[in-house]
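Got a predicted structure here, sequence first:
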Amino acid sequence: MDCKRLTFFLSLAETLHFGQAAEALGIAQSALSRQIRLLEQELGCPLFDRSNRWKVSLTPAGSALVPEARKVLEQLAQAKYAAVAAARGELGRFSVEVVSSVMNFPAFLRTLQEMRMRYPGLHLNLQEGASSRIYERVRQQEMDLGILRIAPASDEELEMCLLARNRLLMALPEKHPLAGRERLFLHDFSRERFIVPRSPDATLRGNSLDLICRNAGFTPEIALETENMNTILHILPALNCVTLVPDSFAGKCEGLVFRALEDYSETLPLSAVWRRDNRSPALRAFVRIQKRLLKTG
């Protein structure tokens, strides 16, 4: 059934006048009459009673077709909108997996906010994970985008973009004896107890901290290991412990101070990764917004 003929039919059904309907459609009256006859032939029944010279009326078949024709045209319009919106990245599903520390990265949060404002019909699936898992899930096409603690590297399948480099700061309770010192060095914490993430590729797991501290002349005492950095920050005051964290966490937890160290200035990369062959319009939009926000600060 030709959708254009249904449009012609509905116009005539509303006006019940060939001349007025033809004028509203911008076509000749003879062309409208021909299309109506073709529709009636296709259905095998008359849709209009033409016995009145000046005005037609709907037959029972025509009256029954009106609501159904409207449904068909509405569904067609909806289908067209869905296809176009999906092509623009406005509909569909977009999956992102990130390391937990990215939640303290303002440009990422602003990108999420702009994506939500621009594409309210887009279903965003956001998960947290460890860097190695994120990398492989993007590679295996399980996620559209990953944000992880790996520096950009050459890869035929993946594209990576450096988002930031975060300096490591010492987080310690605000009432800790060292919190008020004007200058702090890593060896000042040789007798302190540390809490570190347990994940094998966490921001600063136990063996990485051990290497850093050994270079400063001491072996750190690990008081506790746990999964989440936010959990670590919340329990530091209670246990009077310390930890090294990316500077993006600074000021995010009450009861703590975050101090730079005079003898340690290494940084941690924060990168976005996606497959080169992923043609998702939502992915392209996200990357475009993220890069623009990085440039504008």
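The structure has been received and is ready for your questions.

So residue 111 belongs to a helix, correct?
Yes: secondary structure assignment places residue 111 in a helix (DSSP: H, G, I helix; E, B strand; the rest coil).

Let me see the contact set for it.
By C-beta atoms under 8 Å, 6 or more residues apart in numbering, residue 111 lies in contact with 286, 289-290, 293. (Glycine included, C-beta is placed from N, CA and C.)

Only whichever of those residues are buried, select them in ChimeraX.
In ChimeraX, the members of these classed as buried (16 or more other C-beta atoms under 10 Å) are selected with the following command:
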select :286,289,290,293
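
Adding pLDDT and distance to residue 39, write the contacts of residue 111 out as CSV.
As requested, the contacts of residue 111 are arranged in CSV below (pLDDT from 0 to 100; distance: C-beta to C-beta, whole Å):
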residue, pLDDT, distance to residue 39
286, 90, 46
289, 91, 48
290, 90, 52
293, 89, 54
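
Out of the contacts of residue 111, name the ones that lie in helices.
The subset of the contacts of residue 111 located in helices under the criterion DSSP state H comprises 286, 289-290, 293.

could those residues go into CSV alongside distance to residue 5?
Rendered in CSV, the data for the ones in helices among the contacts of residue 111 read as follows (distance: C-beta to C-beta, whole Å):
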residue, distance to residue 5
286, 43
289, 44
290, 48
293, 50
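
Residue 20: which of those is nearest?
Nearest to residue 20 among those: residue 289, at 49.1 Å, using C-beta to C-beta.

right, and that closest one touches residue 115 too?
Yes: in this structure, residue 289 is within contact of residue 115 by C-beta atoms under 8 Å, at 6.6 Å.

Nearest to residue 209 among the contacts of residue 111?
Nearest to residue 209 among the contacts of residue 111 is residue 290, at 30.5 Å by C-beta to C-beta.

Find me whatever residue is spatially closest to that closest one, sequence neighbours aside.
The shortest distance from residue 290 to any non-neighbouring residue, by C-beta to C-beta, 6 or more residues apart in numbering, is to residue 111 (4.7 Å).

Now do the one you found, the pLDDT please.
According to the model's per-residue confidence, residue 111 sits at a pLDDT of 91.

next one: residue 205
46.

Same question for residue 77.
On pLDDT, residue 77 comes in at 77.

Give me the phi and psi for it.
According to degrees, to the nearest 10, the main-chain angles of residue 77 amount to phi -60, psi -40.

and the gap between it and residue 71?
The gap separating residue 77 from residue 71 is 11 Å, by C-beta to C-beta, to the nearest Å.

and the helix or strand of the chain with the lowest mean pLDDT, what other elements does it pack with?
In the chain, the helix or strand scored least confidently by mean pLDDT, DSSP states H and E is helix 206-215, which has a mean of 76. Using 3 or more C-beta pairs under 8 Å, 6 or more residues apart in numbering; DSSP states H and E, the elements in contact with helix 206-215 are strand 193-197, strand 221-226.

As CSV, these with distance to residue 48, mean pLDDT and mean neighbour count would be great.
As requested, the helices and strands packed on helix 206-215 are exported to CSV (distance: least, C-beta to C-beta, whole Å; pLDDT from 0 to 100; neighbours: other C-beta atoms under 10 Å):
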stretch, distance to residue 48, mean pLDDT, mean neighbour count
strand 193-197, 76, 89, 22
strand 221-226, 77, 89, 15
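
nearest to residue 161, of these?
With C-beta to C-beta, the closest approach to residue 161 among those belongs to strand 193-197: 24.5 Å.

What's the biggest strand in this structure, counting residues?
strand 158-173 (DSSP state E).

Show me what counts as buried in that strand.
Within strand 158-173, the residues that qualify as buried are 158, 160, 163-164, 166, 168-173, counting by 16+ other C-beta under 10 Å.

can you list these in TSV and add pLDDT and distance to residue 31?
Output for the buried residues of strand 158-173, formatted as TSV (pLDDT from 0 to 100; distance: C-beta to C-beta, whole Å):
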residue	pLDDT	distance to residue 31
158	93	57
160	92	59
163	90	60
164	88	64
166	88	69
168	88	76
169	92	76
170	93	81
171	94	77
172	95	83
173	95	83
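
tell me the helices in the stretch 51-200 of the chain, going along the chain?
Listed in chain order, the helices of the stretch 51-200 of the chain (DSSP state H, counting those that start in this stretch) span residues 60-87, 106-118, 131-139.
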